[in-house]
Structures are given as C-alpha cells and as structure tokens.
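Visitor: got a predicted model here, sequence first, then my questions.
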Amino acid sequence: MLSVILIWLYMTVTTFLLGYGILTVIAHFCAYRVRKWDSYFMCGLAGATVYAQFSALLQE
C-alpha cells in the first residue's frame, strides 16, 4: 500500500513539473497567464501522454 502511495506521489510531482515547464514556455511566447494551479497538472498529463505516444510510435 505504501508503494502505491509513493508511485502516485511520484506521478503527481513529475506531471506537475512537466506541466509547469510546458506552460512556462507557452506563456513566454504567447499572451497566456495561468490562473489555476491544476492547469500545470493537466498540461503535464497531456505532455506525458504525447511523449509516451511518440516513443511508442518510434519503437515500431
């Protein structure tokens, strides 16, 4: 049970940091301002999903 909690914590932190990085680059080039902190998490989930799909396609 502890390992599952640690895995979810790791996933939450990494997707939040990935989303923070992506939205920082987007905000630098566009007139976009993040209003809610959960936007970082959702953008990180989308970025991780796109990365996983590209890596799966390139392995074929």
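Guide: Arrived safely.

Visitor: what about Ala48, neighbour count?
Guide: For Ala48, the neighbour count with other C-beta atoms under 10 Å is 15. Where you see a C-beta, it was placed from the backbone N, CA and C, and this is true even at glycine.

Visitor: so it sits right up against Thr15, yeah?
Guide: Yes. Contact criterion C-beta atoms under 8 Å: Ala48 and Thr15 qualify, at 5.7 Å.

Visitor: how near is the residue nearest the centre of the chain to Leu2?
Guide: What sits nearest the mean C-alpha location of the chain, by C-alpha atoms, centre = their mean, is Gly44, with 1.3 Å. In this view, Gly44 and Leu2 are 24 Å apart by C-beta to C-beta, to the nearest Å.

Visitor: now do the helix or strand where Leu57 lies: which elements does it pack against?
Guide: If you go by DSSP states H and E, Leu57 is part of helix 38-59. Judged by 3 or more C-beta pairs under 8 Å, 6 or more residues apart in numbering; DSSP states H and E, helix 38-59 is in contact with helix 2-29.

Visitor: who are the packing partners of the helix it packs on?
Guide: Judged by 3+ C-beta pairs under 8 Å, 6+ apart, the packing partners of helix 2-29 are helix 38-59.

Visitor: re earlier: and the angle from the helix holding Leu57 to helix 2-29?
Guide: 100 degrees (axes from the mean of the first three to the mean of the last three C-alpha atoms, to 10 degrees).

Visitor: contacts for helix 38-59?
Guide: Applying C-beta atoms under 8 Å, 6 or more residues apart in numbering, the external contacts of helix 38-59 come out as 12, 14-20, 22-23, 34.
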